[in-house]
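[1] Sharing a model that was predicted from the sequence below.
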Amino acid sequence: MNALELRITGIGAWWPQRGDWPQLRAWLRGEAIGGAIAARPPAGVLPQGERRRAPLTVLLACEVAAQACAMAGHAGADLPCVFSSAHGEVAISHDMCATLASEPLALSPTRFHNSVHNAAVGYWTLATQCHEASSALSAWHGTLGAGLFEAAVLACAESRPVLFTCYEAAAEGPLARVLGADSTQALALVLDPDPAAAGSRLRLRQHATTATATATAAELLRALALQQPAALALPAGIHRQLEIEITP
Amino acid sequence: MPCRIPPLAITAATVTTALGRGREAQLRALRERRSGLRANDFTRSPLPCAVGRVAGIEDVTLPPELRDLDSRNHRLAWLGLHGDGFIDAARAAVARHGAARVALLAATSTASIGATEAAYSELAGDRFPASLAAPELHTLHSLGLLLERVIGARGPCMSQSTACSSSAKIFAQGERLLRLGLADAVVLAGVDSLCGSVLFGFNALELVAPQPCRPFDAQRNGISIGEAAGFVLLERDGPPGAPHLLGHGESSDAHHMSTPHPQGLGARLAIEAALARAGLAAADIDYINLHGTATAKNDEVEAAVIAALFPPTTRASSTKGWTGHTLGAAGIVEAVLCLLALEHGCVPGTLNTTTPAAACGPQLALANETRTLRTALSNSFGFGGNNCALVFGRGQA
């Protein structure tokens, strides 16, 4: 398959106990983390009322998306966006399924509209007044790879920068246990197909193989933090992987 | 505005809805003006409304290798895959191009959440019952995982879930993969099934009509929820007579999570982008399959956009009075209904509607019409202000 080549012009991240991208980057480099680490993603891009009510997935996604846009020097309004999450808002799905099992007519309308997989990207487009195309993807264990690939395809096909965001929120309850939704993490990248753009070079190629790819979001961010050439393979479904080369 | 794109051939297409299995069943019901909606007999707790329920799902037995993924959504997918010989066409594409060159794009809003709901009603302590314990059953990507096994494609595979625009957007994704040479064929799949989450969820939002929905009627009072499975095979070239995907446009309202932009800004942007990619003007569109959900807001806004953008010669209708609103599957269902309209020169009217709302223009067709159609536009607008419009062209013999 043909390779896609882009520049990473913006990076955002949020990890519990590690904080935002500058803090996480310092930690990944073995340096001291500067500043206090917030308990929750601040998500300052959201209006105050929404920030208070928003589910964790929305806070995570909006926080990292805003970091990446700021670093790339783009307004969120200007970028088509591809958001991806394997599990979405499991806490709300749990709550809805429990309510449906006992008292279906008591289902909350707000919970219902926050349960759609595109809630996070919907709140992002609302907060940034973005009228561009917005997607909400999922691909089980291949979610990071599939989402990154889709964002790169969109950027290359339309010859314009695209915002990619991938987020997961740990939850509790039977559904979270079955899905393995036990970690909280989020990252965002602004991908620019212009070879003259500043930033690390990213080369992507989807590859059919019987090998099992195992790279994670943390390894992708480590490669970006260390600013050294790196090659890794992200899972992308049965018998396929997404091969990534990063050149600072 | 985006640049014009090369047209893509639609080399196989099928849909299964409350109207029946396959294209012929849809066409017959459209011509006979026979609705697939019936009084809700799906939910255990009473909910007075109409549903577009697909007959025979309960009788489907999945093959042993798919049993761990047994759910209403997957039984519906299995029924749908066998409509119009689609499963053979998809497997033939894998054989022709090689598995790695065939992409598989799934779209759903419900996935198999119905199975998750069932697991919560049968919890043993706080554990799922053994028959519902497969993790792959409860993920949003479950449809993609099922189809990956059944069809054997090994190209890019993912699920799009932007509520009611989901299965329209996969046409745009597929077009990009083909244009960039990242695949030689793309299997598009949209499947959504009846479940408590959507029926009681839309009910909580006070968007469900107590009787069958009446799109664009002055007296409209909400949606009827339906279920459906639709499949399309996209390739760069097809046999003579194959219809084409000519354009697509995606946008975001940036207005509200559950109501459309009052001036239809996002809808307009999506339609204009789809026309630009198709290299067509609004006056070139012969038929529009409207989103037309029969909610007060959607229809008011969409009617005004259509009245402002298109000439009276363009015919427009909502087919949701026949199928119900099939949510995540609506985009692909209505795409296939557009293909049927183009092929047979048949404009479906707007079933159940008698008095058009004040905002409707002369484009709205209430009765069925027969005329030569060369181009069709399909609108899909979802929660979160997520919009997608598609343009199709009739096959040239």
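    That came in fine, so what should we check first?
[2] same for the host helix or strand of B:A389, what does it pack against?
    Here B:A389 sits within strand B:386-393, counting by DSSP states H and E. Packed against strand B:386-393, as judged by 3 or more CB pairs under 8 Å, 6 or more residues apart in numbering or on different chains; DSSP states H and E, are the following elements: helix B:166-179, strand B:244-252, helix B:265-278, helix B:330-344, strand B:375-382. To be clear about C-beta, it is placed using only N, CA and C from the backbone, and glycine gets the same treatment.
[3] B:C360 and B:A307 touch, don't they?
    Yes - the pair B:C360 / B:A307 is scored as a contact, 6.8 Å apart, by CB atoms under 8 Å.
[4] for B:V391, what are its contacts?
    B:245-248, B:274-275, B:277-278, B:280, B:285, B:375-377 (CB atoms under 8 Å, 6 or more residues apart in numbering or on different chains).
[5] mind giving me TSV with the helices and strands packed on strand B:386-393 and columns for mean pLDDT, distance to chain A and mean neighbour count?
    Below are the helices and strands packed on strand B:386-393 laid out as TSV (pLDDT from 0 to 100; distance: least, CB to the nearest CB, whole Å; neighbours: other CB atoms under 10 Å in any protein chain shown):
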stretch	mean pLDDT	distance to chain A	mean neighbour count
helix B:166-179	98	4	27
strand B:244-252	98	3	27
helix B:265-278	98	6	24
helix B:330-344	98	13	26
strand B:375-382	97	7	28
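[6] Reformat the ones you listed as TSV; add distance to A:I37.
    Putting the helices and strands packed on strand B:386-393 into TSV (distance: least, CB to CB, whole Å) gives the following:
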stretch	distance to A:I37
helix B:166-179	37
strand B:244-252	32
helix B:265-278	37
helix B:330-344	42
strand B:375-382	36
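[7] I'd like to know which of the ones you listed lies nearest to B:N40.
    helix B:330-344 (18.9 Å; CB to CB).
[8] Keeping just the C-alphas, turn that closest one into CSV.
    Taking C-alpha atoms only, helix B:330-344 is exported to CSV below (Å, rounded to 0.1, in the frame of the first residue of the first chain):
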residue,chain,number,x,y,z
ALA,B,330,-30.4,5.9,7.5
GLY,B,331,-27.6,7.3,5.2
ILE,B,332,-26.9,4.0,3.4
VAL,B,333,-30.6,3.0,3.3
GLU,B,334,-31.6,6.3,1.7
ALA,B,335,-28.6,6.1,-0.7
VAL,B,336,-29.9,2.8,-2.0
LEU,B,337,-33.4,4.2,-2.2
CYS,B,338,-31.9,7.0,-4.4
LEU,B,339,-30.3,4.4,-6.6
LEU,B,340,-33.7,2.7,-7.0
ALA,B,341,-35.4,6.0,-7.8
LEU,B,342,-32.7,6.7,-10.5
GLU,B,343,-32.9,3.2,-12.0
HIS,B,344,-36.7,3.0,-12.2
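[9] any chance you could map the helices in chain A?
    For chain A, the helices defined by DSSP state H occupy A:21-28, A:48-53, A:56-72, A:90-102, A:109-115, A:119-128, A:143-158, A:174-179, A:217-226.
[10] So for the third one, mean pLDDT?
    Right, the one you point to is helix A:56-72. Mean per-residue pLDDT for helix A:56-72: 98.
[11] helices or strands up against that helix?
    Against helix A:56-72 (3+ CB pairs under 8 Å, 6+ apart) you get strand A:4-15, helix A:21-28, strand A:81-84, helix A:119-128, strand A:162-168, strand A:185-192.
[12] Near B:H82, how many other residues are there?
    16 (other CB atoms under 10 Å in any protein chain shown).
[13] how far away is it from chain A?
    22 Å (CB to the nearest CB, to the nearest Å).
[14] how about the nearest residue to the closest residue to chain B within chain A, chain neighbours excluded?
    Closest contact between chain A and chain B, by CB to the nearest CB, is at A:G122 (2.6 Å). Leaving aside its sequence neighbours, A:G122 sits nearest to B:G384 (CB to CB, 6 or more residues apart in numbering or on different chains; 2.6 Å).
[15] do A:T143 as well
    A:A86 (4.0 Å).
[16] what's the answer for A:N118, then?
    Nearest to A:N118 is A:A136, by CB to CB, 6+ apart, at 3.6 Å.
[17] what bits of chain A have low per-residue confidence?
    In the predicted model of chain A, residues A:1 satisfy pLDDT under 70.
[18] Point to the residue nearest the middle of chain A.
    A:C166 (1.4 Å; CA atoms, centre = their mean).
[19] This completes my enquiry, with thanks.
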